[in-house]
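**Q** I would like the atomic coordinates for the input below:
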Amino acid sequence: MPLCVDPEQNEIQALKGVTDWRGKRVLEVGCGDGRLTRRLAQLGAVIHANDPDAGLIEKARENLPRRFAKKVSYKVGQAERIAEASEAFDIVVFSWVL
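**A** Residues are numbered from 1 along each chain as shown. Prediction:
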């Protein structure tokens with residue numbers, strides 16, 4: 001039986017209430033399989049997502065719809081050593097990581 005997280009879309013409604021994500025450069029630390037990444041892309045964000053688990057990054061890439069290909073980049077990496085540290089981001093997301 002597959003796990004269905006947030007079928008009522010409460011998370012996306014909460015995210016919409018936080019800010020206007022359209023065109024925002026977002027760093028997502030600990031993206032896992034990309035579930036939240038895809039939701040942020042759906043809201044119009046441009047996301048640089050990382051996770052230390054190479055298998056999860058591979059799964060995230062496989063599950064990324066083509067329409068988000070130019071909005072999302074995935075990298076294997078740790079929060080302590082963010083390769084994009086010299087770049088400017090509008091928002092940093094660190095969710096469901098601990």
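
**Q** hey, let's count contacts and neighbours off CA atoms from now on
**A** Fine.

**Q** where do the helices sit along the protein?
**A** Assigned by DSSP state H, the chain shows helices spanning 10-18, 35-42, 54-63.

**Q** now what about the longest one, what contacts it?
**A** When you say that, I think you mean helix 54-63. Defining contact as CA atoms under 8 Å, 6 or more residues apart in numbering, one finds that helix 54-63 is touched by C31, G32, D33, G34, R35, N50, D51, Y74, K75, V76.

**Q** which of the residues you listed has the most neighbours?
**A** C31 (28 neighbours; other CA atoms under 10 Å).

**Q** mind listing what that one touches?
**A** So C31 contacts T37, A49, N50, D51, I57 (CA under 8 Å, 6+ apart).

**Q** out of the helices of the chain, which is the most enclosed?
**A** Among these, helix 35-42 has the highest mean neighbour count (mean count of other CA atoms under 10 Å), at a mean of 20.

**Q** V46 - how many residues pack around it?
**A** 24.

**Q** er, K71 I mean
**A** Neighbours of K71 under the rule other CA under 10 Å: 19.

**Q** likewise V5?
**A** Neighbours around V5, by other CA under 10 Å: 9.

**Q** distance of it relative to E28?
**A** Relative to E28, V5 is positioned 19 Å away (criterion: CA to CA, to the nearest Å).

**Q** also S95?
**A** S95 sits 8 Å away from E28, taking CA to CA as the criterion.

**Q** low-confidence ranges, this protein, go.
**A** Applying pLDDT under 70 to the chain flags the ranges 1-3, 83-86, 98.
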